[in-house]
Each structure stands twice: as C-alpha cells, then as structure tokens.
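Engineer: Next input, structure requested:
(one chain, ligands or ions: 1)
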Amino acid sequence: MIEARRSATESEAAKVVDLGCSYGINGALLKHGLSMDDLYRLYGAAEADNLETLLARDRDLYAEPADATLEMVGVDPASRAVSYAVDAGMLDAGISTDLETRDPTPEDTAAIENADLIISTGCIGYAFALLDVQTGSPLRATSGGKGMLPNGAQL
Ligand SMILES: C[S@@+](CC[C@H](N)C(=O)[O-])C[C@H]1O[C@@H](n2cnc3c(N)ncnc32)[C@H](O)[C@@H]1O
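Structural biologist: Alright, predicted model coming up:
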C-alpha cells in the first residue's frame, strides 16, 4: 500500500500514522525492514530485560533506517511505550493521547495531518477513534465499533 501511494503521489516521501502504535513494532517492520522473526529474536533475549541496555542497543539498531523517506508517526495513550519508540528511533514522532476521549491539540494535529496511510494493528476492540487523512482530526466512532472510515466505508 505504501508503494501504491508513492506511485499515486509520484513522491518517495510518505507519512504513515500508526494508531495504537505501542512500542513502535510497525515502525520496526516498515521503516527499518525487520521481520517478525527478527523482533522475536531481538526482544526475546535476556538483555531485553534491562531497559537502559535495551535502549542503547536499539538506538544503534534503528540509527539508519532501511526506508529513510518513510515517516512513521505513532498514536497511543501508553506514554512510556510511545516515548520508548521515539527515543529508540522506531518512530519519527509519537503522540501520547486517547483521541476517543480527547480532542487533538494543535501539536497533535500537526504531527498527524497529511498522512498518506493510517494503519492500526491489534487495536480492534481498543481504538475506534479514526482519523481524517487530510486534517488528522478524529472521526469519532466509539459506539461499538460502528464508524466511518476516511473513505466513507463503514466499520
Ligand atoms: C494489543 S496492543 C497492539 C500494539 C501494536 N499495534 C502491535 O500491533 O503490536 C493495543 C494497543 O492499543 C492501544 N490503545 C488502547 N486504546 C487506544 C486508543 N483509544 N487510541 C489509540 N491506541 C489505543 C494500547 O495502549 C495498546 O498499545
């Protein structure tokens, strides 16, 4: 989908907003080219228990992205997870908020507006605050998951 979007916009630069990003797993996969097997190996190892050691290792690991023109922005109320993902370099930016219950601040909007693609993995049942692709504004959709997708389709 990212390549299709690049082709449609005739631009290499692309921005992906990851709703419910947690520790930035999708950034590791999409921006850094890691596989799920890589992640199991990296985060299942003993040194993953020590946060400082882990952060230092991850900063090195994510210092040179496989896809530097892909901007990954995460949204998740779990502030420690978002901070870690940004500090480590899995995400370019992160917003720690719950858009189901709070309006975006101007800073939130600046970070998420003009997204080329909005993704969300493992969040059905948690998050239904969908975002308007152009403005980054939430399209409220909290009643049992019945809501509008940006293209007008229904959940
Ligand atoms: C099962 S985890 C999935 C994490 C990640 N997307 C993945 O695939 O590994 C669900 C995530 O949704 C987040 N979440 C819960 N409510 C949310 C909301 N209203 N908006 C955004 N994220 C939310 C949780 O904090 C948690 O990080």
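Engineer: how close does L34 get to G44?
Structural biologist: Per CB to CB, to the nearest Å, L34 is found 13 Å from G44. For glycine as for every other residue, the C-beta is placed from the backbone atoms N, C-alpha and C.
Engineer: The two: who's more crowded?
Structural biologist: Taking neighbours as other CB atoms under 10 Å, L34 and G44 compare with L34 leading, 19 against 8.
Engineer: Now do the SS call for the closest residue to the more buried one other than its chain neighbours.
Structural biologist: Counting by CB to CB, 6 or more residues apart in numbering, L34 lies nearest to A28, which is 4.8 Å off, once chain neighbours are set aside. Assigned with DSSP: H, G, I helix; E, B strand; the rest coil, A28 falls in the helix class.
Engineer: Quick one: residues contacting A28.
Structural biologist: L34, D38, L39, Y62, M90 (CB atoms under 8 Å, 6 or more residues apart in numbering).
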